[in-house]
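for reference, the sequence and a predicted model appear below.
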Amino acid sequence: MEEKLLCELNGDRFFGVTNDLFVYESKLVVRIKYNPGIFLTVITLGILNFAGRFLSGDKTIYFTDINSVFVKKSGNSGGLLIITIPGINYSGGNSASLYFKKEKKEKAVETANLIDGLISRIKKGTVSNAADELKKYKALLDDGAITAEEFEKEKKKLLG
């Protein structure tokens, strides 16, 4: 069953990259589009153009995997909606982020608040869900459908 789209935020181009954010009931999808334009392509001598082939595409991030979400405003020019994820340290842009112009500040703040609320709601139910999932993996282990190593890997993911 396809999840319902709750919100969409279209980012603005920043150094040739545009990110669009789609918020669903249990996940985010960040659509990355790389389009440097002639100026950046000439200036970078094609390095960014080559990298852009690997930058473009959709990235799914589940709410259970998100540490935090916040909006960092940048004066009168706009700002960033930043999503911090375990294993990615936020240091001015290394986490998943979406650049927006000042006209979209209010929408970005609303989107961040929606995501934060969904994360809280889902994480509150995580303990019982994790226990149920762990039971399922234990049954698969007992039936020989997965190895002990696979069970331990899933257990570690579920319990943090």
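All right, it came through fine.

tell me which element the residue most central in space within the chain is part of?
The residue lying closest to the centre of the chain (CA atoms, centre = their mean) is Ile61, at 3.9 Å. Using DSSP states H and E, Ile61 falls within strand 57-62.

so which elements touch the following helix or strand past that strand?
Tracing the chain past strand 57-62, the next element assigned as helix or strand by DSSP H and E is strand 68-73. Counting contacts by 3 or more CB pairs under 8 Å, 6 or more residues apart in numbering; DSSP states H and E, strand 68-73 packs against strand 78-84, helix 105-124. Bear in mind the C-beta positions are built from the backbone N, C-alpha and C, glycine included.

partners of strand 68-73, with directions?
strand 78-84 (antiparallel) (DSSP bridges).

can you tell me the average pLDDT over the strand it pairs with?
Averaged over strand 78-84, pLDDT sits at 83.

so it versus strand 57-62, what angle?
60 degrees (axes from the mean of the first three to the mean of the last three CA atoms, to 10 degrees).

quick one, the helix or strand just after strand 78-84 and strand 68-73 angle?
Sequence order places strand 96-101 as the next helix or strand after strand 78-84, per DSSP H and E. If you take the same axes, to 10 degrees, strand 96-101 sits at 30 degrees to strand 68-73.

buried residues, strand 96-101. List them.
By neighbour count on 16 or more other CB atoms under 10 Å, the buried set for strand 96-101 is Ala96, Ser97, Leu98, Tyr99, Phe100.

can I get these in TSV with pLDDT?
Below are the buried residues of strand 96-101 laid out as TSV (pLDDT from 0 to 100):
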residue	pLDDT
Ala96	73
Ser97	77
Leu98	80
Tyr99	81
Phe100	84
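
most widely separated two among these?
Ala96 and Phe100 (13.9 Å; CB to CB).

for Asn67, which of the helices and strands packed on strand 68-73 is the nearest?
strand 78-84 (4.4 Å).

domain map for this protein?
As assigned by automatic domain parsing, the chain contains the domains 7-124, 126-159.

what about the longest one, how long is it end to end?
The separation between the terminal residues of domain 7-124, taken as CA to CA, to the nearest Å, is 22 Å.

point out the most buried one among the domains of the chain.
The highest mean neighbour count among the domains of the chain, using mean count of other CB atoms under 10 Å, belongs to domain 7-124: a mean of 15.
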